[in-house]
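Q: Sequence first, predicted coordinates after that:
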Amino acid sequence: MTVETHSFQAEVKQVLHLVIHSLYSNKDIFLRELVSNASDACDKLRFEAIKQPELLGEDGTLAIDIRFDPQARTVTIADNGIGMSREELAEHLGTIARSGTKKFLESLSDNDKANAQLIGQFGVGFYSAFIVADRVTVTSRRAGSDQAWTWASAGDGEYTIAPAEKAGRGTAIVLHLREGEDEYLNGWKLRSLVHKYSEHIDFPIRLPAEKADADEEKDEGASGGETLETVNEATALWTRPRNEISDDDYKAFYKHVSGDFGDPLVWTHNRVEGNQNFTSLLFVPARAPFDFMGGGRDERKGLKLYIKRVFIMDAAEQMLPPYLRFVRGVVDSDDLPLNVSRELLQSSRQVERIKGALTKRVLDLLEKLAREEAEKYAGFWKEFGATLKEGVADDPSSAERLMKLLRFPSTQSASADELVSLEQYVERMKPGQEAIYYLTADGWNAARNSPQLEALKARGIEVLLMHERIDEWMAGYLTRFADKPFRNVAKGELDLEKLGEADGADARARREEAAKAAEPVVEKIKAALGDRVKEVKVSTRLTDSASCLVLGEYDMALHMQRLLKAAGQ
Ligand code: ADP
Ligand code: MG
């Protein structure tokens, strides 16, 4: 028999190190992660068996078995799901393919506390086994294959793969516990963890039956002619009535579907009946995953599509508009055909309708949050506001609702985090003010200190300061809100007369006089600048600065022009 030794990918070594060192205080999570993987493996088999029923064979009851052996000091988690081939063992348990991983790992500090949060957002998964084990063996046989393989590692940089014997398909993971981790060699402890973290996994999780009689017998543990009993509820959470589900159940389920380590911010659970029947359970995470904005658009863990309780695929791309890609959860349809393909999903009118309904649900949820829990909403906005803004341009049918969800700092904000909604802005508009004034800039300080603001500030007019990257593009799609037009303060004439004078009643006369007096200067400036400018004007725009650049109504913003220039356009 040949045993091959391989080296972990560098990123895996780093993740292992971080997981072991920063998650020790959360070490119980290893069981949740391994059960979650076993459940995914059963889901995958059930899906493949739609087309190839022979994969199930005699062994049609999918289950997850947890055993422990006090003498050998091992805990074993076994499933009869899809299993892994030799190549899959090496790829799935020896490498991390997510884009941006390297950069993310480099950005982590040596501070364990801070890292625990971050590595949790990354998704800890299989490697969490090494928090409690100093040696892990994974014996697996892919459904449809006769050959089994054992992957083994001490988590120290290398792993081995060797041929193995295994009776049925699936995967058995053996944890050789570290010194001092004996608390897991206990049926009650393992049961309590299953109840806490995995109660609503859709497959039975079984443990050796506890013997009620003599204590010595109990100590024999799981060896011998064992009987296993199901410990969890074993029904898919989303199929249960809402009033029977506790917040803790929802939170635990979120961790299973998202891979996130923290609690979700909010969720919405609904059953729709009518000409489309489906159930949705949608979560908004409290934090963006590490590669969320890095172009990684990690939709892998987004939205799981089930059809009649059978997991079909991750289908966030088909079931949600891109600007809601932060949403996690499950959609279970009664009506779609089980043999649905990705292509079919893309062009299905039924899917289109579900997508519309899900979009509405998420917007309802966010509106409610904004209305009732402003602080939580502010947290959401910080993480995902920039993503939501894309919707203003991408989804005209929801733009009206999305605009109500937008938040910006304004000239009345003391810091970039002091935000105002458009509704609030309109409410406190000055008498006679007809437009919603905004300024776009590349950065908070550039926005706040812009000379373009002077005339409006002097008149006490609030201006929204749009200082994020996406704002310039989004603002192009803002036309009206509450019947008020949007006006970019850096473009065209501002029509400030109606809004009163900045400096007293006789200002108009004084201004005209000043303009006349300035004419020779204006001519000189014109001559000096030549055709680098369209026009030189005396303006009421400024109160403190001597001059500023103004764009024509249809010109591109200055920082956009700079961006394009930098890009060589
Ligand atoms: P994730 O579950 O987020 O993909 P994990 O680190 O938990 O990441 O697992 C890595 C991969 O290893 C899984 O995606 C899966 O392909 C494979 N895997 C882990 N456990 C099992 C199992 N019990 N059966 C089959 N494949 C598994
Ligand atoms: Mg996992």
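A: Arrived safely, thanks for sending. Numbers count the residues shown, from 1 in each chain. Ligands and ions are numbered 1, 2, ... in the order given.
Q: Regarding stretch 129-136, how distant is the last residue from the first?
A: One end of stretch 129-136 sits 7 Å from the other (CA to CA, to the nearest Å).
Q: Name the residues that touch that stretch?
A: 16, 19-20, 23-24, 27, 29-30, 33-34, 152-155, 173-179, 181, 184 (CB atoms under 8 Å, 6 or more residues apart in numbering). All C-beta spots, glycine's among them, are computed from the backbone N, C-alpha and C.
Q: From the chain's centre, how far out is that stretch? Work that out for me.
A: Remark: stretch 129-136 is offset 28 Å from the chain centroid, using CA atoms, centre = their mean, to the nearest Å.
Q: Kindly report the same for stretch 363-378.
A: On CA atoms, centre = their mean, the centre of stretch 363-378 falls 17 Å from the chain's centre.
Q: and the residue of the stretch 51-200 of the chain found nearest ligand 1, how far is that from residue 538?
A: Proximity to ligand 1, evaluated over the stretch 51-200 of the chain using CB to the nearest ligand atom, is greatest for residue 125 at 2.4 Å. From residue 125 across to residue 538, the span is 66 Å (CB to CB, to the nearest Å).
Q: and if you look at residue 120?
A: Distance from residue 120 to residue 538, by CB to CB: 59 Å.
Q: out of those two, which sits in the busier spot?
A: residue 120 (22 against 15; other CB atoms under 10 Å).
Q: And what about the residue lying closest to the more buried one once chain neighbours are set aside, helix, strand or coil?
A: Of all residues not flanking residue 120 in the chain, residue 261 sits nearest, at 2.4 Å (CB to CB, 6 or more residues apart in numbering). Classification of residue 261 using DSSP: H, G, I helix; E, B strand; the rest coil returns coil.
Q: tell me, how many neighbours does residue 261 end up with?
A: For residue 261, using other CB under 10 Å, the count is 22.
Q: same check, this time on residue 346
A: The burial count for residue 346: 12, using other CB under 10 Å.
Q: Which strand or helix spans it?
A: Using DSSP states H and E, residue 346 maps to helix 342-347.
Q: In terms of secondary structure, what does that helix contact?
A: Packing contacts for helix 342-347, counted by 3 or more CB pairs under 8 Å, 6 or more residues apart in numbering; DSSP states H and E, involve helix 316-319.
Q: Could you export the helix it packs on as PDB, CA atoms only?
A: C-alpha atoms of helix 316-319 as PDB (Å, rounded to 0.1, in the frame of the first residue of the first chain):
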ATOM      1  CA  ALA A 316     -28.200  33.300  -5.400                       C
ATOM      2  CA  GLU A 317     -27.400  34.500  -8.800                       C
ATOM      3  CA  GLN A 318     -30.600  33.300 -10.300                       C
ATOM      4  CA  MET A 319     -32.900  34.000  -7.300                       C
END
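Q: List of residues touching that helix?
A: Helix 316-319 is contacted by residues 299, 302-303, 305, 325, 327, 331, 342, 345-346, 351, 354-355, 358 when judged by CB under 8 Å, 6+ apart.
Q: any idea which of the residues you listed is the one closest to ligand 2?
A: Using CB to the ion, residue 302 comes nearest to ligand 2 of these, at 14.7 Å.
Q: Pretty sure that closest one sits against residue 320.
A: Yes - here residue 302 lies in contact with residue 320, judged by CB atoms under 8 Å, at a distance of 7.3 Å.
Q: what is in contact with these two at once?
A: Counting by CB under 8 Å, 6+ apart, the common neighbours of residue 302 and residue 320 are residue 327.
Q: I figured residue 536 hits residue 524, correct?
A: No - taking contacts as CB under 8 Å, residue 536 lies outside contact range of residue 524: 9.3 Å.
Q: Among these two, which residue is more densely surrounded?
A: residue 536 (17 against 11).
Q: picking that back up, leaving out the residues flanking it, which one is nearest to the residue of the stretch 51-200 of the chain closest to ligand 1?
A: That would be residue 33: by CB to CB, 6+ apart, it lies 5.5 Å from residue 125.
Q: Residue 35 now?
A: The spatially closest residue to residue 35, leaving aside those adjacent along the chain, is residue 198, at 4.7 Å (CB to CB, 6+ apart).
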